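Peer 1: coords below, sequence missing:
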């Protein structure tokens with residue numbers, strides 16, 4: 001049976017004929033710019049689902065000490081903090097039948113292990129900056145009364161618990177993929193799987209009509225409800241255990257000094273990724289502001305401290321963020337990234353490996369002094385908000 005046109009009735013009747021996407025890149029760009037075509041269903045409180053782009057070509061590592069081994073086409077998130085992984089294929093790509101399923105499961109399994117909330121927040125804020133979209137507008141769609149850190153912590157917990165959506169998007173979904181989607185939905189209790197057939201129709205000029213058809217929705221709705229599983233958070237004892245095993249005494253001293261300072265003057269919150277990590281919140285101008293995250297990977301050369309300038313700017317303003325950046329010690333590996341932040345408005349996550357701090361005389365003390373000055377310049381409030 002041949003594909004039938006759709007008709008637009010205005011002054012005249014216009015037939016729009018089915019038209020394939022010319023390239024996969026065109027298809028991907030369409031979804032990145034218009035995620036509404038993937039919005040179906042509702043949030044837990046009944047509000048309509050609205051997906052927000054975290055990143056396009058999101059890197060997926062396969063080990064704690066490795067870089068990205070794979071690249072997911074799109075990562076979205078909704079206001080409930082549920083991540084949505086999207087893979088895009090045209091019908092002419094033979095991988096849409098089986099291979100894409102193995103790819104997606106690889107991405108989901110490793111993303112759940114190696115995507116900490118801090119990385120997701122960094123990716124989201126960098127995507128907003130690249131798209132010229134203000135963080136205030138973007139966060140207005142998903143935060144509610146939560147802070148960005150609370151929201152991304154929720155996303156991390158959902159990933160660790162396997163609470164996510166997997167979406168296969170193509171201009172034509174083969175029967176083999178539909179069968180796999182239905183099977184996966186029957187076996188996976190926390191993860192929802194969908195195949196979205198997005199048909200494009202073209203008319204005169206720039207007129208286009210996009211018609212999504214959803215496969216897997218019935219099987220997903222039939223799942224028995226189950227409560228969220230709570231992911232285990234890193235504790236200070238977990239961090240200390242890793243640090244004690246390090247052979248380098250200076251690195252042990254630096255990591256311990258940072259954690260002790262946060263515990264004494266602010267509060268520490270553990271991450272839920274597969275590797276130990278903790279974020280430091282400090283009281284500044286009456287609010288608890290996340291300032292840095294210490295991540296302890298399996299590879300000692302990659303242990304790092306990352307400064308949450310997007311959150312600092314969000315809570316305290318650009319001038320305070322700039323002043324804090326200027327007060328940090330001159331560590332070559334960090335200074336290069338701070339210079340980039342000056343140009344981007346202090347909205348990213350500049351980081352420095354711990355070995356770079358230990359190699360720079362006075363760097364650890366300089367960071368602690370900068371943190372003290374940041375707090376002492378504003379009104380302090382003890383404890384969490």
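Peer 2: Perfect, thanks for sending it. Since the structure is predicted, the reported quantities are computational estimates derived from the model, not experimental observations. Numbering: from 1, shown residues only.
Peer 1: Now residue 91, what are its backbone angles?
Peer 2: phi -60, psi -30 (degrees, to the nearest 10).
Peer 1: Make sure it is actually in contact with residue 21.
Peer 2: No - contact criterion Cβ atoms under 8 Å: residue 91 and residue 21 do not qualify, at 9.3 Å. In this view, the C-beta of every residue, glycine as well, is placed from N, C-alpha and C.
Peer 1: Quick check on those two: which one has the bigger neighbour count.
Peer 2: residue 21 (19 against 15; other Cβ atoms under 10 Å).
Peer 1: What about the closest residue to that one other than its chain neighbours, how many residues nearby?
Peer 2: With Cβ to Cβ, 6 or more residues apart in numbering as the criterion, residue 21 has its nearest non-adjacent residue at 4.4 Å, and that residue is residue 27. Neighbour count for residue 27, taken as other Cβ under 10 Å: 21.
Peer 1: check contacts around residue 27.
Peer 2: 21, 88, 90, 169, 171, 198 (Cβ atoms under 8 Å, 6 or more residues apart in numbering).
Peer 1: Now a ChimeraX select for only the buried ones of these.
Peer 2: Buried subset of the contacts of residue 27, written as a ChimeraX selection, criterion 16 or more other Cβ atoms under 10 Å:
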select :21,88,90,169,171,198
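Peer 1: Turn the contacts of residue 27 into CSV, columns for pLDDT and distance to residue 211.
Peer 2: Putting the contacts of residue 27 into CSV (pLDDT from 0 to 100; distance: Cβ to Cβ, whole Å) gives the following:
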residue, pLDDT, distance to residue 211
21, 78, 13
88, 89, 16
90, 78, 16
169, 89, 13
171, 83, 10
198, 84, 7
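Peer 1: can you list the contacts of residue 27 in CSV and add distance to residue 366 and secondary structure?
Peer 2: CSV is the format used below for the contacts of residue 27 (distance: Cβ to Cβ, whole Å; DSSP: H, G, I helix; E, B strand; the rest coil):
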residue, distance to residue 366, secondary structure
21, 53, coil
88, 46, strand
90, 53, coil
169, 49, strand
171, 56, coil
198, 53, strand
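Peer 1: Pick out whichever of the contacts of residue 27 sits closest to residue 323.
Peer 2: residue 88 (43.3 Å; Cβ to Cβ).
Peer 1: which residues in this structure form helices?
Peer 2: 24-33, 99-114, 117-130, 135-140, 148-160, 175-187, 217-221, 236-244, 249-265, 309-316, 318-327, 332-344, 354-359, 363-376 (DSSP state H).
Peer 1: Show me the one of those that comes nearest residue 49.
Peer 2: Here helix 217-221 is closest among the helices of the chain (Cβ to Cβ), at 11.8 Å.
Peer 1: Low-confidence stretches in the stretch 51-200 of the chain?
Peer 2: 64-66, 94 (pLDDT under 70).
Peer 1: What of the stretch 201-350 of the chain?
Peer 2: 217-231, 273-274, 298-300.
Peer 1: If we use 50, what do you get?
Peer 2: 224-230 (pLDDT under 50).
Peer 1: got a list of what residue 173 touches?
Peer 2: Residue 173 makes contact with 96, 195, 196, 197, 213, 215, according to Cβ under 8 Å, 6+ apart.
Peer 1: What backbone torsions are found at it?
Peer 2: Dihedral angles (degrees, to the nearest 10) for residue 173: phi -100, psi 120.
Peer 1: Now do it against residue 351, distance only.
Peer 2: If you measure residue 173 against residue 351 using Cβ to Cβ, to the nearest Å, the figure is 41 Å.
Peer 1: Could you report the neighbour count for the nearest residue to residue 135 once chain neighbours are set aside?
Peer 2: Nearest residue to residue 135, sequence neighbours excluded (Cβ to Cβ, 6+ apart): residue 128, at 5.7 Å. Counted with other Cβ under 10 Å, residues neighbouring residue 128 total 21.
Peer 1: Verify the stated contact: residue 74 with residue 31.
Peer 2: Yes - using Cβ under 8 Å, residue 74 is in contact with residue 31, at 5.9 Å.
Peer 1: overlap in contacts of the two?
Peer 2: By Cβ under 8 Å, 6+ apart, the residues touching both residue 74 and residue 31 are 86, 88.
Peer 1: for residue 268, which residues make a bridge with it?
Peer 2: Beta-bridge partners recorded for residue 268 (DSSP bridges): residue 280.
Peer 1: can you tell me which residues contact it?
Peer 2: 236, 259, 262, 278, 279, 280, 281.
Peer 1: Now the buried members of the contacts of residue 173.
Peer 2: Neighbour counting over the contacts of residue 173 (16+ other Cβ under 10 Å) leaves 96, 195, 196, 197, 215 as the buried ones.
Peer 1: surely the second one meets residue 183?
Peer 2: By that I understand residue 195. No - contact between residue 195 and residue 183 fails when scored by Cβ under 8 Å: they sit 11.8 Å apart.
Peer 1: Overlap in contacts, residue 91 and residue 21.
Peer 2: Taking Cβ under 8 Å, 6+ apart as the criterion, residue 91 and residue 21 both touch residue 171.
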